[in-house]
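*Asks:* Attaching a predicted model along with its sequence, questions to come.
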Amino acid sequence: MLSEPEIELSPKVNDEVKFTTCYMCACRCGIKVHLKDGLVRYIEGNKNHPTNKGVLCGKGSSGIMQHYSPARLRKPLKRVGERGKAEFVEIEWDEALAIAGGWLGRIRDTDPRKLAFFTGRDQSQSLTGWWAAQFGTPNFAAHGGFCSVNMAAAGLYTIGGSFWEFGEPDWDRAKYFMIFGVAEDHDSNPIKTGLGKLKARGAKVVSVNPIRTGYSAVADEWVGIRPGTDGLFVMALIHELLHADKIDIDYLVRYTNAPWLVIQDPGAADHGLFARDADGNPLCWDAKAGTLVSAKLPDVAPAIVGEFTLADGRTAVPSFQLLAERYMDAQYAPDAVAERCGVPAADIRRIAAELADVAFNQTIELDIEWTDWAGRKHDKVIGRPVAMHAMRGISAHTNGFHTCRAIHVLQVLLGSVECPGGFRFKPPFPKPIPPGQKPAGKTVAPGKPLGGMPLGFTMGPEDLLVEADGTPIRIDKAYSWEAPISAHGLMHMVITNAWKGDPYPIDTLFMYMANMSWNSTMNTKGIIEMLTDKDPGTGEYKIPRIIYSDAYYSEMVAYADLILPDTTYLERWDCISLLDRPICEADGPADAIRQPVVQPDRDVRAFQTVLLDLGARLGLPGMVKEDGSARFPGGYPDYIVNHERTPGIGPLAGWRGEDGTGVGRGAVNPRQLETYIENECFWAHHLEPSQKFYKFANKDYLDFAVHMGFIGHADQIVLQLYSEPMQKFRLAAEGHGAVQPPDRLRERIKSVFDPLPIWYVPYEEAMADTNKYPLHALTQRPMIMYHSWGSQNAWLRQILGRNKLYVNSAMGAKLGLAEGDWVWVESHHGRIKVQTKFMEGLNPNTVWTWNAIGKRAGSWNLAPDAPEAKKGFLLNHLISELLPPEADGRRFSNSDPVTGQASWFDLRVRIEKCAPGEEEVSEPQFADLPLPPGLEPAPEVNRFGADLSHRGR
C-alpha cells in the first residue's frame, strides 16, 4: 500500500527579510526582500510605505530576474579591438580607475568643457550634477531632455511645479479627472490605486490619447485625439469656458498674475513686459482706489480688464485681458479646431460644460482654518474638484511646451490648482516661478569648479550660455538660442554634436546607463556610425574616448573604450532625495534609501561610489579634505550621511541632527542610515491640516518650506498665466537688449516665445510631405516593462517578448492589409520591416508600437535568435535627431524650440505591404554582438526556484 505523500504546508521561504526601495520603474515603491541562504527568493510590497502601501506590480516582483540577470557585467573591461566589435579584456579596478582618472585629469587641467558627462534615467542627479560642477564642465545633463523637460519647464514657468511625479491629483476628492498622453509605465502603482479610488466614488475619468490602452481603456470616456493637437483641443476648452464666464475670478485675482498690467507699446524695448513701480513690484489698477498700486499688496481690488494709463503716459492692460482676447477668438472655437484635432465639436463643447459644472456646481468646502501669506485668517478651503495629469504623450512634440502650459492655464482658470479635489503639489514644490537657480557655465577655467550647478532656469537672454558671438557654450547647445529654456539639457544631441565638432570637439564622453547606441537615441543607425567614425587625417575616432558604466551588457557597452560595471539595485546604497526625485505625497514630504540587501558576487562597484572615488583622485572641491585625502572614504553611503548642500541641508531630510530629532534641517547624524533601515528605509512627514492646501500662498506651509530648504523666502508664489521671461526672449529677437539671437533664428524666437500658450503644427509634420507620409507613428511604454532594461527580464519577457505595429482596423483595410501582414514602414529618414496587428481603439491616422522591446542580437545576453531581436523592432530607426534641411541647408535639432525636448512623437510615415515570400524578420538587422569576457551564455531554460521545491530540498 502506497504511503501518502509528505506535503510541507508551510515551507520556510526565507531566513531573513530586508527592506529597500524598488528600481523597476519610476514609482520607487517600498519593498520587502526575502532572503534564504544569502540569495533573493521573493519580493513583496511594503504595506507601510507611503508610495505603494503594500501594492507591488509585476515589474516590482520580477526584480529578482533583474538582479540575477545573465547580462550582468562582471568586471571592468578595456577595449582592445575596434569600437562596436565588443572586443575587451578584463582589468582590475585599480587600472580602470587609473585610466579614467588619467583621461579626466588631463581634461580638467586644460579645458573642462572637453568632458561631456551624461547620465540615464533616475540616476542620482543631485550627485552627478554636483560632481560635474566640481569638475568644472557645463556639459552635463540626464535623461529628462528625452522624455519630460516640457513637463518640467512648462509647469515650473507657470505654476511653480509640474506633472510627472512632482504633483498628483487629489485622488480622494476629485470628481472629474482628465489625463493627457498618459501611458501605463510611469508612476503606475499610484495612478492605478488612484484610479481605483476615483472609479469607486463615481468620478468621471476622461483620457485624451490617440491610443486606447491601459488607463484609456478603463476611462469613462476616451478622446482619440490626433497626435500633436492636444494644445489646440485644450485652447478650445478654454474658449468655451471664457465665453460661458465659467472661470474662478476670485482665484485669479488672489493667486495669479491675471491683474498685473502689461505695457502696450509696440516697438519699445519693454513692450509686453509688466509695468513696475520704483521698487520693481508689478503694478495693477486698484478699482476701489482708482489708482495704480503694487500688485503685491494684500488688500486691493485689482481690475482684470480695461486699459489704463501709466505714469509715463503709455497704456497698459491686465494680463488676463490679453489672455481672454486671444482664446475668445473664433480660431479657437470647437468648430474651428474639431477637424484638425479629430474630436467632434459637440464633444469639445460638452467636455467644457462638464468641467464647468463640476468646478462650480459641485464645489467642495472643507472646514480647515489656514493663514495666507499676508497673515489673513480663513476658516475654510474651497475645492474645485477637477484634476488633471499629463505625461510624455504631450511632452515629446515640438509644440509640447506650449501644450503643457495650456493645460496648466486651463487648471488655473478653473481654480483647481492646489485645492481640494484638484491638482496638488508634492513637496518640495511649488517653487518660485521659475526657480532662482541659473545654469552655470558662462565661465569655464582649467582646474576650477563651475560657479553653480550646470542645469538651471533662464529668466531672459542674459542668462543664456552663449559666447559673445552667440555660439553655444555647451556641447548639446542647451541654454543657447536653439533651446533657451532647456532645463534638462539635450542628451539626444550630444553624440551628433560631438561627432560634428559643433560647437567644438570633445575629448571624452562619460555616460551612465544611457543606452545611446540603441533605444535611447533618435537615430540609431546614424549614432552607431558616429560612435565608430574616424578622422581620415589622423585615423583616430572623432569622439576620442568613451567611458561607460552600466550594470548590464546593453547595446552601448560595445561602443565604449572603458567599462565601469555597476551593481544591481539590490546590491547598493541609493538615496531617493528631496534634492533630486523624491517620493513625496501632496500631504507631506518623504524620502527613502536603498540598502544593499545582498553583496555582489562579481567584481563590480556602485557607480556613485566610483564617481566619488574618481572625484577624490582628481582632487575635486568638496570631495577631498584640506590635506588632499578623500572626504568620503566610505563611498556613497558616507556621502549620503555627511554631505551638506547648504548648512544643515543634506541628501536625506529625516532624522537630522546629532540626536536624530531634526526634520529637514540639522547637523549630520552619524546614525542616519541605520535609523532609515530601522524605519523600513523611508522617512515621511505629514503636514498639518492648515498647511496642506494653497501651498503657494499658505503662510504656515511657506514657513515650513523655508525651514526645509525648499525655497529661500516665504513670499507668496504668484501663478503666472502670462510668462514675462518668454516675452523677454521675444524682445531680444525683435532687436532689443545686449544679447540677441543670430539673424537666422530671429523669426523662430519671435514666433514661439509667446508669453501666452500658442499652438502650431509640429515641425517635422510641417516639413514632411503629408501626402507621401500620411500617418502619425508613436510609441508607448508598456505597463509590463520600463525602459530598455526591463525587456531582458526573464519573467517579464514571457508577457511581452516582441512587439508589433498596431494599425487602426479601418485604416488597415483601406491600405489593403490583413492582420499579421509584414509591412515596410518608411519615414523621411529611414525604413523598417515589421509585422502588423489591428485594433479598434486607435486614432485612424495613427500607428504605434511598444517601445524598447526590440533588441540587438547578442546584447543583454539574449539568444541571437531571441524574438526581441528577430521579430521585435524600434521606431527609432525611422526618427532623426535632426529636422529636414532648411532652405539654406541648415538643420535644426528635432526638438521643442523652447526647451530642447526630444520630439519623438512628431514622426510621419507611410506603410507598404511586403512582397510575397519576404523573410518574416524585422529589419534593419545589425551584426550580432559577441559576449564580452566573463559572461557565459544564458541558460536556455530558467530554473530559478527549483531548489525551493520540496524535492529540491
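*Replies:* Cool, the structure landed. Numbers count the residues shown, from 1 in each chain.

*Asks:* tell me which element Gly231 is part of?
*Replies:* Per DSSP states H and E, Gly231 falls inside helix 230-243.

*Asks:* before we move on, what about Phe838?
*Replies:* Assessed by DSSP H and E, Phe838 sits inside strand 831-839.

*Asks:* okay but Phe233 is in contact with Asn209, surely?
*Replies:* No: using Cβ atoms under 8 Å, Phe233 makes no contact with Asn209, being 11.6 Å away. Where you see a C-beta, it was placed from the backbone N, CA and C, and this is true even at glycine.

*Asks:* Can you pull the residues that touch both of those two?
*Replies:* Common neighbours of Phe233 and Asn209 are listed as 223, 225 (criterion: Cβ atoms under 8 Å, 6 or more residues apart in numbering).

*Asks:* Please name every helix or strand in contact with the strand holding Phe838.
*Replies:* The contact analysis (3 or more Cβ pairs under 8 Å, 6 or more residues apart in numbering; DSSP states H and E) places strand 831-839 against strand 805-808, helix 809-814, strand 822-826.

*Asks:* Would you mind finding the most buried of the ones you listed?
*Replies:* strand 805-808 (a mean of 24; mean count of other Cβ atoms under 10 Å).

*Asks:* all strands of the stretch 1-150 of the chain, in order?
*Replies:* Using DSSP state E, counting those that start in this stretch, the strands found in the stretch 1-150 of the chain span residues 16-21, 30-36, 39-45, 77-79, 88-90, 115-119, 140-141.

*Asks:* from those, which stretch is densest packed?
*Replies:* Mean neighbour count (mean count of other Cβ under 10 Å) peaks for strand 140-141 among these, with a mean of 31.

*Asks:* Might you calculate how far that strand sits from the centre of the chain?
*Replies:* Centroid separation for strand 140-141 versus its chain: 14 Å, with Cα atoms, centre = their mean, to the nearest Å.

*Asks:* Spell out which strands sit alongside that strand in the sheet and which way each one runs.
*Replies:* As defined by DSSP bridges, the strand partners of strand 140-141 come to strand 115-119 (parallel).

*Asks:* can you give me the end-to-end distance of stretch 489-505?
*Replies:* 18 Å (Cα to Cα, to the nearest Å).

*Asks:* can you give me how far it is from the chain middle?
*Replies:* Its chain's average C-alpha position is 21 Å from that of stretch 489-505, according to Cα atoms, centre = their mean.

*Asks:* hmm, who's touching stretch 758-765?
*Replies:* Contact with stretch 758-765 is made by 228-229, 231-232, 235, 397-399, 402-403, 406, 751-752, 766, 776, 828, 883-884, 892, 894, 897, 903, 906-908, as judged by Cβ under 8 Å, 6+ apart.

*Asks:* What's the PyMOL line that selects buried ones from those?
*Replies:* In PyMOL, this line selects whichever of the contacts of stretch 758-765 come out buried by 16 or more other Cβ atoms under 10 Å:
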select buried, resi 228+229+231+232+235+397+398+399+402+403+406+752+776+828+883+884+892+894+897+903+906+907+908
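
*Asks:* that older thread, dump the strands of the stretch 1-150 of the chain to CSV, plus mean pLDDT and distance to Gly375.
*Replies:* Shown next, in CSV, are the strands of the stretch 1-150 of the chain (pLDDT from 0 to 100; distance: least, Cβ to Cβ, whole Å):
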stretch, mean pLDDT, distance to Gly375
strand 16-21, 97, 40
strand 30-36, 97, 39
strand 39-45, 96, 44
strand 77-79, 98, 63
strand 88-90, 98, 66
strand 115-119, 96, 44
strand 140-141, 96, 42
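
*Asks:* Export these to TSV and append columns for distance to Asp379.
*Replies:* Converted to TSV, the strands of the stretch 1-150 of the chain look like this (distance: least, Cβ to Cβ, whole Å):
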stretch	distance to Asp379
strand 16-21	40
strand 30-36	37
strand 39-45	40
strand 77-79	66
strand 88-90	69
strand 115-119	49
strand 140-141	47
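
*Asks:* Which of those strands sits closest to Val262?
*Replies:* Evaluated with Cβ to Cβ, the strands of the stretch 1-150 of the chain place strand 140-141 nearest to Val262, the distance being 33.6 Å.

*Asks:* List the neighbours of that closest one that are in contact with it.
*Replies:* For strand 140-141, with Cβ under 8 Å, 6+ apart as the criterion, the contacting residues are 117-118, 128-129, 132-133, 454-455, 476, 478, 488-491.

*Asks:* Secondary structure class of the residue lying closest to Tyr559 once chain neighbours are set aside, three-state.
*Replies:* Leaving aside its sequence neighbours, Tyr559 sits nearest to Leu531 (Cβ to Cβ, 6 or more residues apart in numbering; 4.4 Å). With DSSP: H, G, I helix; E, B strand; the rest coil as the basis, Leu531 sits in helix.

*Asks:* From Met511, how far off is Leu531?
*Replies:* 11 Å (Cβ to Cβ, to the nearest Å).

*Asks:* among the contacts of stretch 758-765, which are in helices?
*Replies:* Counting by DSSP state H, these place 231-232, 235, 402-403, 406, 751-752, 766 in helices.

*Asks:* where along the stretch 351-500 of the chain do the strands fall?
*Replies:* Under DSSP E, counting those that start in this stretch, the stretch 351-500 of the chain gives strands at 364-366, 370-371, 377-378, 381-383, 386-390, 423-425.

*Asks:* Tabulate these (JSON lines), appending distance to Arg545.
*Replies:* As requested, these are exported to JSON lines (distance: least, Cβ to Cβ, whole Å):
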{"stretch": "strand 364-366", "distance to Arg545": "59"}
{"stretch": "strand 370-371", "distance to Arg545": "57"}
{"stretch": "strand 377-378", "distance to Arg545": "60"}
{"stretch": "strand 381-383", "distance to Arg545": "56"}
{"stretch": "strand 386-390", "distance to Arg545": "40"}
{"stretch": "strand 423-425", "distance to Arg545": "43"}
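
*Asks:* and these as JSON lines, adding mean neighbour count and mean pLDDT?
*Replies:* Converted to JSON lines, these look like this (neighbours: other Cβ atoms under 10 Å; pLDDT from 0 to 100):
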{"stretch": "strand 364-366", "mean neighbour count": "15", "mean pLDDT": "97"}
{"stretch": "strand 370-371", "mean neighbour count": "20", "mean pLDDT": "98"}
{"stretch": "strand 377-378", "mean neighbour count": "12", "mean pLDDT": "97"}
{"stretch": "strand 381-383", "mean neighbour count": "21", "mean pLDDT": "97"}
{"stretch": "strand 386-390", "mean neighbour count": "27", "mean pLDDT": "97"}
{"stretch": "strand 423-425", "mean neighbour count": "26", "mean pLDDT": "98"}
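
*Asks:* quick one, which of those is nearest to Glu540?
*Replies:* strand 386-390 (45.4 Å).

*Asks:* Next, the angle from that closest one to helix 230-243.
*Replies:* Relative orientation of strand 386-390 and helix 230-243, computed by axes from the mean of the first three to the mean of the last three Cα atoms, to 10 degrees: 160 degrees.
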